[in-house]
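Peer 1: Next comes the sequence, and after it the predicted model I'd like to discuss.
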Amino acid sequence: EKNRIVWHKRPFMPSDLEGVFLVTAATNRREVNEQVAVLAEERGIYASIADCREACSFYFPALIEHGDITIGLVGNGYTHKEAAQTAQHIREVLGDEN
């Protein structure tokens, strides 16, 4: 609604990074993900590169919301499934309200 996320069904273009502060590269082409990683680093843009932990400048957290408390759980970039399972376990222990 507020045009904060824009999706274009076409190949990546370097100009796609103009004016952004965060990017996710999750294509099925290593060379495209690498290009995004390099350009993001050059431009000081936070980047999550799905197929290369070392190229990431952040990882998406699993969020656990319980009343007025929000917990963010982050893995090491290799353990996405384990982080998600741990977050689910914490939700069960807390008695997930959402």
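Peer 2: Noted; the coordinates are in hand.
Peer 1: Poorly predicted segments of this protein, please.
Peer 2: Applying pLDDT under 70 to the chain flags the ranges 1, 96-98.
Peer 1: Buried ones in the helix or strand hosting Ile90, by neighbour count?
Peer 2: Here Ile90 sits within helix 80-94, counting by DSSP states H and E. Buried positions in helix 80-94, judged by neighbour count with 16 or more other CB atoms under 10 Å: 83, 87, 91. Where C-beta positions appear, they are placed from N, C-alpha and C, glycine not excepted.
Peer 1: So which elements touch that helix?
Peer 2: Packed against helix 80-94 by the contact rule (3 or more CB pairs under 8 Å, 6 or more residues apart in numbering; DSSP states H and E) you find strand 62-66, strand 69-73.
Peer 1: Just the CA atoms of it, as PDB, please.
Peer 2: Extracted C-alpha coordinates of helix 80-94, given in PDB (Å, rounded to 0.1, in the frame of the first residue of the first chain):
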ATOM      1  CA  HIS A  80      17.700 -21.500   9.400                       C
ATOM      2  CA  LYS A  81      15.600 -24.600  10.100                       C
ATOM      3  CA  GLU A  82      17.100 -25.100  13.600                       C
ATOM      4  CA  ALA A  83      16.400 -21.400  14.400                       C
ATOM      5  CA  ALA A  84      12.800 -21.800  13.200                       C
ATOM      6  CA  GLN A  85      12.300 -25.000  15.300                       C
ATOM      7  CA  THR A  86      13.800 -23.300  18.400                       C
ATOM      8  CA  ALA A  87      11.500 -20.300  18.000                       C
ATOM      9  CA  GLN A  88       8.500 -22.600  17.700                       C
ATOM     10  CA  HIS A  89       9.600 -24.400  20.900                       C
ATOM     11  CA  ILE A  90       9.900 -21.100  22.700                       C
ATOM     12  CA  ARG A  91       6.400 -20.200  21.500                       C
ATOM     13  CA  GLU A  92       5.000 -23.500  22.800                       C
ATOM     14  CA  VAL A  93       6.700 -23.000  26.200                       C
ATOM     15  CA  LEU A  94       5.400 -19.500  26.500                       C
END
